[in-house]
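A.B. asks: coordinates only, sequence not included:
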C-alpha cells in the first residue's frame with residue numbers, strides 16, 4: 001500500500017486589509033519717439049487716490065483730537081531720549097568720536113548699498129501711482145509704458161532683481177545641458193579661438209568634465225541664440241559659465257525698452273563679445289538680420305518677459321517659426337496655476353492665485369495660466385519645474401516656473417549618431433513610436449490586444465511631453481507615461497537601495513541575453529545587476545510609487561552622463577558637492593520631467609543612503625550606535641578580516657544593544673514597520689504566525705553575521721552600518737568594471753521600461769500574452785488580500801511563456817498564496833526556506849522563504 005502524502009503546509013493569511021485595497025501611501029523693434037519739451041502734465045483733478053485718502057483720514061484726526069496728542073507724545077519721547085542717553089556726554093572724547101565715525105560709516109554704507117533698493121522701491125511701488133501710463137495696446141504704447149517703468153532704474157536693475165527673479169540660472173543650465181546633446185561646445189581647456197570673435201576667459205564650474213555633443217552630423221552649422229526680453233543682457237553673461245558664448249555665431253538680445261538695451265550694449269562692449277548684438281525692437285517683428293546670413297536658431301529664451309507682453313499669442317507663434325527643429329526654448333517667469341491643475345506640482349492655493357495676480361497686475365505683469373498653457377500647447381515639453389521664491393522668509397513666497405521646450409515632431413532620424421559611450425545609440429523599437437491610451441489614461445503598446453476599447457493617439461499628445469524618439473527625448477528614454485494623480489500619495493521612496501540578494505536570484509534564474517522579464521523596481525540595484533551580469537533583451541521595471549522610479553532614473557542618468565569617479569561619490573559614498581548643480585548640468589537631459597522636479601525638491605541631502613523610509617531605519621540604528629557608544633565596535637566588526645572575529649564582536653558587544661528586547665518592543669509598531677522598513681500590517685501578521693518579532697530579527701541577523709563577511713562580501717549590512725560602500729564590496733553597477741560595461745553598451749540600458757503603475761495593469765496593457773521568461777514579484781504578495789493576489793497571479797500566468805518562471809520571497813515559510821499558484825497551473829517549489837539547520841539563505845537573510853513557480 002502506497003504511503004499517503006503529507007498534507008501541504010501554508011502560512012495562513014491574516015485577517016488584515018490588503019495593501020492594494022487599503023490604498024497605501026508613502027509620506028516620508030520700433031524706436032522710441034523723441035522726447036518733447038511739451039510733456040503732458042497730470043491734472044490735479046486726477047489724483048483721485050490722494051483725495052480719497054485725505055477725505056478719509058483728516059476728519060478722523062480732527063474728530064478724535066489726535067494731532068495735539070501726537071505732538072505731546074513726541075515731546076515726551078524727546079525728553080525721555082535726552083534723559084536715557086545723557087551718559088554719552090560723560091564718555092571720553094575718543095569714544096564719542098568713534099561712535100560718530102561708526103554712525104557716519106553706517107550711513108555711507110547704507111547710501112552705497114541701500115540706494116539701489118530705494119531706487120527700486122520708488123520706481124516700482126510709488127512712482128507708478130504718481131505718473132500717468134500710456135493706455136494703448138499697440139507696440140509703441142507698450143514700449144512707452146515699459147520705458148516709463150524702467151528708465152529710472154535701468155542702472156540698478158541687475159542688483160535689485162537677483163533675489164526677486166529666481167530660476168534664471170536653472171533655466172540657463174537646463175538649456176545648456178540640452179544644447180550639448182546636439183550642438184558642439186568647447187570649454188576653456190580645449191577651446192580653439194574661432195569665428196565668434198574675441199572673448200574673456202570661459203569659466204567652467206562643472207563637477208564632471210563637460211559632456212561631448214551627442215549628435216555631430218554637421219559641425220559646420222552656424223547657430224544662434226535669441227534672448228527675448230533680454231533687458232540688460234545679464235543672462236548672456238551668466239550663460240557663459242555653462243555654454244560659452246563664443247560657441248554661438250550670433251547672440252541676439254531683443255528688448256523693446258531703450259534704457260535697458262543701452263545697459264546691455266555697454267556690458268558687451270566691456271566684455272568684448274563681438275558676436276552679441278542688442279536689438280531694440282518688438283519681439284513679434286524679430287527676424288534674423290540679413291547681413292548675418294543663414295543661421296540656425298538653436299536657442300530662444302524668455303526670462304521674466306512673457307508675463308509682461310500683453311499680446312503674447314502672436315509672439316509665441318512667431319518664435320515657433322524661428323526656432324530650429326533641433327533647438328531649445330527656455331522660459332523662466334512668475335505664474336499662478338489654474339483652479340484645478342492636472343500637475344500637482346504647480347497647484348497653488350486660492351489666496352496665492354488671487355493675491356499674486358492682483359499684485360503683479362499693478363505693474364502690468366500678467367500671470368494668467370493661459371501663458372504657460374499656450375507654451376505647452378505650441379511646443380513639446382522637455383523639462384518643467386514649478387518652484388517658490390522665499391523672497392522674505394517666511395512671509396513672502398512668490399511662485400515661479402522654469403519650462404524647457406522644443407519643436408513638436410523633431411524625430412531622431414537615422415542620420416544621427418550618438419558620439420561616445422556616454423549616451424550610445426538610441427534604439428527606437430517600432431512598437432514604441434505610437435501608443436494607445438485607454439479611458440483611464442493608461443499607456444500601452446499598439447500591438448497589445450485587449451478586450452477594452454482604446455483610443456489611438458500619438459504619444460505625448462495628451463501630456464505634450466517629448467517621447468524617446470524626439471531629438472531632445474533622452475529624458476523619456478526609460479520612463480513611461482503615468483497617472484499624475486499618484487504623485488500626492490507618495491512623498492518619498494521606501495528603499496534607496498535594493499534589499500534582495502541578486503546573487504541568489506541569478507543563481508536560480510539562469511537568465512539569458514534573449515530573455516524578457518518584469519520585476520518590481522525597488523531601489524533599482526538588482527535591475528542594474530541583471531543588466532551588468534547578463535543584459536536581458538527587455539526589463540519592465542514596475543512600481544506604483546513614483547519616487548522609487550525616480551531613484552532608478554537617477555541611477556540610469558548618472559551612468560549615462562557622469563564619469564565613474566563622480567558616479568561613485570554620489571552612489572557609492574552617498575554624497576557629492578553641489579548635487580543641485582550636477583542635476584541641472586549633467587543629469588537633467590536623462591531625467592523625465594517628473595523625476596527632475598522631484599529631485600530638485602528633494603536633492604538637499606547630506607547622504608543619499610540616509611534618505612527615504614529605509615534611511616529612517618538607518619538613522620534610528622545610527623542613533624543607537626551613538627547613544628550606546630558603539631561606533632568603535634561597529635567599525636571593528638565591519639572591518640574584521642575573519643568571520644570568527646566579526647561574529648565575536650557582534651555577539652559580545654553589539655548584539656545586546658541591537659537586539660535588546662526594549663528596542664524591539666519600541667520599534668515593533670505599525671508606524672515604524674511601514675514608515676521605515678516597508679512592512680505593512682498584513683505582512684507583519686505573517687511574521688507573528690511564525691513566531692515573535694524578536695525571534696524573526698534574531699533569525700535574520702545572527703546567521704548573516706556568522707556566515708558572510710561584511711567587509712568583503714556583504715555590502716547590504718556594511719552600507720547600513722558604515723553609510724557607504726567599499727569599492728570591492730558593492731553592487732555590480734557600482735564597480736568600475738560594471739559601470740564600464742553599462743557605459744560602453746548602452747543597448748543594455750535601453751532594454752529598460754519604467755512603469756509607474758500596478759503590476760496587473762502593466763501586464764494587461766504593456767505585455768503580450770506568453771511574452772515573458774521571468775517575473776520577479778519580490779515579497780509584495782504578502783501585502784495583498786486574497787482576491788487581489790488571485791487577480792494578479794492569473795495575469796502573471798497569462799503573460800509568462802510555457803516554462804517561464806515567477807519568483808517571490810515571503811515573510812512566511814509557506815505563504816498562503818502558494819495554493820493559488822498551484823490551482824492556476826504552476827509547478828510551485830521552494831528555492832530556499834529558512835528553517836531547521838539552514839537558517840542562512842542569502843546575504844540579506846531577511847525573508848523566511850524564496851519560492852519559484854514554473855508555468856506548465
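C.D. replies: Cool, got the structure. Keep in mind it's a predicted model, so treat the numbers as computed, not measured.

A.B. asks: the closest residue to residue 361 other than its chain neighbours: helix or strand, and which one exactly?
C.D. replies: With Cβ to Cβ, 6 or more residues apart in numbering as the criterion, residue 361 has its nearest non-adjacent residue at 7.9 Å, and that residue is residue 367. Every C-beta, even on glycine, is put in place using the N, C-alpha and C of the backbone. Using DSSP states H and E, residue 367 sits within no helix or strand.

A.B. asks: could you report the neighbour count for residue 410?
C.D. replies: 20 (other Cβ atoms under 10 Å).

A.B. asks: the residue nearest to residue 361: neighbour count?
C.D. replies: When neighbours are counted by other Cβ under 10 Å, residue 367 comes out with 21.

A.B. asks: in three-state terms, how would residue 225 be classified?
C.D. replies: With DSSP: H, G, I helix; E, B strand; the rest coil as the basis, residue 225 sits in strand.

A.B. asks: so how far is residue 318 from the closest residue to it other than its chain neighbours?
C.D. replies: Nearest non-adjacent residue to residue 225, counting by Cβ to Cβ, 6+ apart: residue 299, 4.2 Å away. Distance from residue 299 to residue 318, counting by Cβ to Cβ, to the nearest Å: 16 Å.

A.B. asks: which of these two has more neighbours?
C.D. replies: Between residue 299 and residue 318, residue 299 has the larger neighbour count (other Cβ under 10 Å), namely 25 against 17.

A.B. asks: list the beta-bridge partners for the more buried one.
C.D. replies: Beta bridges link residue 299 to residue 225, residue 328, judged by DSSP bridges.

A.B. asks: correct me, but it touches residue 230?
C.D. replies: No: applying Cβ atoms under 8 Å as the test, residue 299 and residue 230 come out as separate, 12.0 Å apart.

A.B. asks: mind listing the strands for the stretch 301-450 of the chain?
C.D. replies: Residue ranges of the strands in the stretch 301-450 of the chain, as given by DSSP state E, counting those that start in this stretch, are 328-334, 380-392, 396-406, 435-437, 443-445.

A.B. asks: I'd like those laid out as CSV, including distance to residue 294.
C.D. replies: As requested, those are arranged in CSV below (distance: least, Cβ to Cβ, whole Å):
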stretch, distance to residue 294
strand 328-334, 19
strand 380-392, 25
strand 396-406, 21
strand 435-437, 37
strand 443-445, 40
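
A.B. asks: check these for me and report the most buried one.
C.D. replies: Mean neighbour counts were taken over the strands of the stretch 301-450 of the chain using mean count of other Cβ atoms under 10 Å, and the top value, a mean of 27, falls to strand 328-334.

A.B. asks: tell me the angle that one makes with strand 396-406.
C.D. replies: Between strand 328-334 and strand 396-406, the angle comes out at 170 degrees (axes from the mean of the first three to the mean of the last three Cα atoms, to 10 degrees).

A.B. asks: counting contacts, what elements does strand 328-334 pack onto?
C.D. replies: Secondary-structure packing of strand 328-334 (3 or more Cβ pairs under 8 Å, 6 or more residues apart in numbering; DSSP states H and E): helix 168-179, strand 296-303, helix 370-378, strand 396-406.

A.B. asks: quick one: distance of that strand to the chain centre.
C.D. replies: 17 Å (Cα atoms, centre = their mean, to the nearest Å).

A.B. asks: then stretch 732-742?
C.D. replies: Relative to the centre of its chain, stretch 732-742 is centred 25 Å away, using Cα atoms, centre = their mean.

A.B. asks: any idea of the mean pLDDT for it?
C.D. replies: Averaged across stretch 732-742, the pLDDT comes to 96.

A.B. asks: in it, what's buried?
C.D. replies: Buried residues in stretch 732-742, counted by 16 or more other Cβ atoms under 10 Å: 732, 733, 734, 735, 738, 739, 741, 742.

A.B. asks: what's the most distant pair in those?
C.D. replies: 734 and 741 (12.0 Å; Cβ to Cβ).

A.B. asks: can you pull the contacts of residue 777?
C.D. replies: Residues near residue 777 by Cβ atoms under 8 Å, 6 or more residues apart in numbering: 520, 759, 796, 806, 807, 808.

A.B. asks: surely the third one and residue 807 touch.
C.D. replies: Read that as residue 796. No: judged on Cβ under 8 Å, residue 796 makes no contact with residue 807 at a distance of 10.8 Å.

A.B. asks: which of those two has more residues huddled nearby?
C.D. replies: Per other Cβ under 10 Å, whichever of residue 796 and residue 807 has more neighbours is residue 796, with 25 against 21.

A.B. asks: ok, that one - contacts?
C.D. replies: Taking Cβ under 8 Å, 6+ apart, we find residue 796 in contact with 759, 763, 775, 777, 806.

A.B. asks: quick one: secondary structure of it?
C.D. replies: Secondary structure for residue 796, judged by three-state DSSP, is helix.
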